[in-house]
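1. sharing a model that was predicted from the sequence below.
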Amino acid sequence: MADIKKYNLKGVGANVELGKQGSYISGTSDAVSFFNNTDALQKVSIADATLAGHAITKAQLDGVSGDLVQHFTTEFDYTTTSVNLATVSSGSRVIGVTVDIPTAWTATNNTGTFVEIGDTGNQSRFLGTGGVDIKTAGQYHNQYQYEYDSADTLELTVTAGDASAGVGSVSVIVSNGILSVTDYGGIQSSADVNSDLGNIA
């Protein structure tokens with residue numbers, strides 16, 4: 001009677017070759033990779049997704065990402081001078097810019113200190129000199145929209161003047177597509193206390 005040997009083998013080896021000259025699939029405990037016959041990673045072609053569990057193609061992803069709204073916030077110091085905030089592509093639209101001064105910038109006579117938000121074409125396109133009162137803690141918002149017909153760089157410029165301390169933050173909302181946005185007005189300065197709302201600091 002012949003012996004029956006059990007090797008407890010599961011599936012096949014780590015690499016599966018698809019034909020003598022074809023590509024092969026390599027599997028690990030973390031990933032499955034597709035290689036061509038020269039060991040270079042191979043692109044995987046799939047159909048457009050039609051159900052929730054399907055993987056989407058690059059064309060589908062590009063179609064969605066064109067309408068994304070991006071929001072970013074960054075801090076700046078009273079000695080920041082000029083920095084690039086972001087690069088915007090053609091067709092992008094800046095929807096709103098908000099500068100927050102959490103505490104008044106200090107100096108014995110704090111004059112000549114300004115915060116400006118703009119781009120390479122206009123340094124103060126969204127917020128200009130005097131648009132932010134650095135002597136008063138508060139939030140300063142501009143909902144002026146500008147659509148770029150070519151790539152550009154958003155910039156923040158701080159003129160320190162007589163300021164001796166102070167940290168603020170700037171928030172920008174950018175759309176990569178065309179949006180219909182209702183303008184509900186803007187906030188020039190928000191108070192710490194409101195008789196109807198209570199403490200809103």
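-> That came through, no problem. Numbers count the residues shown, from 1 in each chain.
2. element containing A49?
-> Assigned by DSSP states H and E, A49 belongs to neither a helix nor a strand.
3. model confidence score at it, please.
-> Here the pLDDT value assigned to A49 is 90.
4. from L127, how far out is the closest residue to V172 other than its chain neighbours?
-> Leaving aside its sequence neighbours, V172 sits nearest to V97 (C-beta to C-beta, 6 or more residues apart in numbering; 5.4 Å). C-beta: built from backbone N, CA, C; applies to glycine. V97 sits 6 Å away from L127, going by C-beta to C-beta, to the nearest Å.
5. and for Y78?
-> Taking C-beta to C-beta, one finds Y78 at 16 Å from L127.
6. and T157, what does it touch?
-> T157 makes contacts with T81, S82, F114, V115, E116, I117, G118, Q123, as judged by C-beta atoms under 8 Å, 6 or more residues apart in numbering.
7. highest neighbour count among those residues?
-> Using other C-beta atoms under 10 Å as the neighbour criterion, V115 leads the contacts of T157 with 27 neighbours.
8. doesn't that residue lie inside a strand?
-> Yes: counting by DSSP: H, G, I helix; E, B strand; the rest coil, V115 is part of a strand.
9. surely it and G168 touch.
-> Yes: with contact defined as C-beta atoms under 8 Å, V115 counts as touching G168 (6.8 Å).
10. overlap in contacts, these two.
-> Joint contacts of V115 and G168 (C-beta under 8 Å, 6+ apart) are F76, V99, V132, I134.
11. how is the chain divided into domains?
-> With domains defined by automatic domain parsing, the chain comprises 13-42, 69-178+187-192.
12. so which of these is the most surrounded?
-> Highest mean neighbour count of the domains of the chain: domain 69-178+187-192, a mean of 17 (counted as mean count of other C-beta atoms under 10 Å).
13. name the residues contacting each of V97 and L127.
-> I117, N142.
14. dump the domains of the chain to a markdown table, plus distance to G53 and mean pLDDT.
-> Below are these laid out as a markdown table (distance: least, C-beta to C-beta, whole Å; pLDDT from 0 to 100):
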| stretch | distance to G53 | mean pLDDT |
| --- | --- | --- |
| domain 13-42 | 17 | 82 |
| domain 69-178+187-192 | 26 | 86 |
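15. want to try CSV for those, with distance to D48 as columns?
-> Formatted as CSV, the domains of the chain follow (distance: least, C-beta to C-beta, whole Å):
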stretch, distance to D48
domain 13-42, 19
domain 69-178+187-192, 20
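16. tell me which of those lies nearest to H54.
-> In terms of C-beta to C-beta, the element of the domains of the chain nearest to H54 is domain 13-42, at 17.0 Å.
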